[in-house]
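Novice: Please work out how this folds:
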Amino acid sequence: MTSVTIKDVAALAGVSLATASRVLSGHPATSSESRARVTAAAEQLDFRPNAQARSLRSAKTHVLGLLVSDVRNPFFADLAHAVEQAALETGYVILLGNANELEDQQNRFLDTLIDQRVDGVIVAPQGDGQGSISSLVNRGIPTVFVDRTVDGVSVPCVTTDSRPGISQAVKHLAEQGHRRIGYIAGPQSISTGRERYAAFVEALKEAGLDQDPALTVFGDFQLESGAAATERLLQLEDPPTAILAADSPMAVGAVAKIRERGLRIGPDVALVAFDNINLFALLSPALSVIDHSVEDMGRIAVDLLLKVIDGEDPASVSLPSGLIIRESSLPPHSVNTQRKN
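Specialist: So this is what the prediction gives:
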């Protein structure tokens with residue numbers, strides 16, 4: 001009589017081989033439905049896992065790697081927290097790495113994760129997908145991209161659709177009478193930098209606004225570049241009356257530079273920031289922001305990665321963005337009549 005294998009159990013239960021293995025090894029990251037089906041199938045087939053198979057299953061580390069682009073960026077700090085909490089709920093712990101927006105630093109951390117044999121990796125990628133990212137994919141290590149993508153690298157990802165929020169922001173500023181809107185863009189080597197810049201150009205066309213190239217300055221998603229870009233914009237012979245910053249650190253740099261020049265945010269220079277970090281609601285005036293859910297992004301990234309670990313091929317997810325209007329983009333007379341967010 002042919003011995004029953006775990007493949008037979010998985011087939012009868014209608015689950016993947018990886019799911020059957022996790023259930024039979026007592027791994028907590030399985031659904032109650034999967035556990036019930038696998039257990040019933042094992043009993044029906046009188047399946048008895050051998051000692052060698054149990055030993056192989058115990059090689060799992062129950063550790064996931066998370067690489068963020070810049071741990072100083074409040075968005076990525078919130079993302080790391082969301083990923084950590086979602087992972088803990090499924091029996092995993094997180095090893096956190098910081099790329100500092102540098103490809104070399106990214107590669108050093110990812111190489112370490114490969115050596116540590118983590119069960120899977122969530123990456124906010126830098127660069128063009130060569131180096132350690134290529135190693136992850138080629139070695140078959142379960143990988144999910146978060147916030148950013150890399151052209152030509154086919155792994156599940158969870159990102160934000162920046163277009164609705166940026167379109168709403170530009171339309172809102174146009175309705176306030178702004179005809180020249182400055183844009184502090186992210187680096188075009190990164191997918192979010194490219195996508196948000198393209199969305200801004202498209203929004204200007206839709207609103208019929210000035211597309212003067214001098215009104216766009218490219219930064220690096222860090223505070224210092226936001227301050228330098230704002231200085232450059234405000235020194236123009238015909239400076240913008242409103243500025244949109246493509247991420248939160250560059251927006252903080254813009255706030256600092258506007259105030260340094262003795263200008264008022266709102267009455268003198270309207271300001272809108274991409275990313276809704278808690279600090280922005282506490283400033284005076286509170287900053288208008290393009291909001292997207294970092295909590296959802298972190299939770300979905302973990303869910304996608306667990307599915308990949310389970311042998312599935314989940315579809316990528318794009319989350320919505322939307323404008324929250326606060327005092328920084330409103331004329332003084334209308335502040336008290338607007339709903340505060």
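Novice: Can you show me the helices along the stretch 201-341 of the chain?
Specialist: Shown for the stretch 201-341 of the chain, the helices assigned by DSSP state H, counting those that start in this stretch span residues 223-234, 248-260, 278-282, 294-309.
Novice: And the ones you listed: which comes nearest residue 11?
Specialist: Residue 11 lies closest, by CB to CB, to one member of the helices of the stretch 201-341 of the chain: helix 294-309, at 19.1 Å. Just so you know, the C-beta spots here come from the backbone N, C-alpha and C atoms, and that holds for glycine as well.
Novice: And the contacts of that closest one?
Specialist: 18, 29, 64, 75, 78-83, 85-87, 90, 92, 119-122, 142-144, 146-147, 155-158, 160, 314, 316-317, 319 (CB atoms under 8 Å, 6 or more residues apart in numbering).
Novice: Strands - which of the residues you listed land there?
Specialist: Counting by DSSP state E, the contacts of helix 294-309 place 64, 120, 121, 122, 143, 144, 146, 157, 158, 160, 317, 319 in strands.
Novice: Against residue 290, how distant is the fourth one?
Specialist: I take that to be residue 122. As judged by CB to CB, to the nearest Å, residue 122 and residue 290 stand 23 Å apart.
Novice: same thing with the fifth one?
Specialist: Remark: distance between residue 143 and residue 290 (CB to CB) = 28 Å.
Novice: same thing with the third one?
Specialist: Residue 121 sits 28 Å away from residue 290, going by CB to CB.
Novice: Pull out the buried residues from the ones in strands among the contacts of helix 294-309.
Specialist: Among the ones in strands among the contacts of helix 294-309, those classed as buried by 16 or more other CB atoms under 10 Å are 64, 120, 121, 122, 143, 144, 146, 157, 158, 160, 317.
Novice: per-residue confidence at the third one?
Specialist: The reference is to residue 121. On the pLDDT scale, residue 121 is placed at 96.
Novice: where's it relative to residue 225, distance?
Specialist: On the measure of CB to CB, residue 121 and residue 225 end up 28 Å apart.
Novice: tell me the contacts of the residue nearest the centre of the chain?
Specialist: In the chain, the residue lying closest to the centroid (CA atoms, centre = their mean) is residue 147, at 2.5 Å. Neighbour list for residue 147: 69, 76, 79, 124, 158, 159, 160, 192, 297 [criterion: CB under 8 Å, 6+ apart].
Novice: How is the chain partitioned into domains?
Specialist: If you go by the TED database, the domain ranges for the chain are 6-49, 63-158+294-319, 161-292.
Novice: Tell me which of those domains sits nearest to residue 331.
Specialist: When the domains of the chain are compared by CB to CB, domain 161-292 sits nearest residue 331, at 6.3 Å.
Novice: Just the endpoints, please. Distance across the closest one?
Specialist: 9 Å (CA to CA, to the nearest Å).
Novice: Tell me, please, where in the chain the pLDDT is lower than the cut-off.
Specialist: Applying pLDDT under 70 to the chain flags residues 1-3, 27-29, 48-59, 332-341.
Novice: quick one: residue 314 and residue 157, what's the gap?
Specialist: Residue 314 is 10 Å from residue 157, by CB to CB.
Novice: and what of residue 138?
Specialist: Taking CB to CB, one finds residue 138 at 18 Å from residue 157.
Novice: With residue 79 instead?
Specialist: From residue 79 across to residue 157, the span is 13 Å (CB to CB).
Novice: For residue 279, list the residues it contacts.
Specialist: Listed by CB under 8 Å, 6+ apart, the contact set of residue 279 reads 74, 252.
Novice: State the distance from it to residue 301.
Specialist: From residue 279 to residue 301 the distance is 24 Å (CB to CB).
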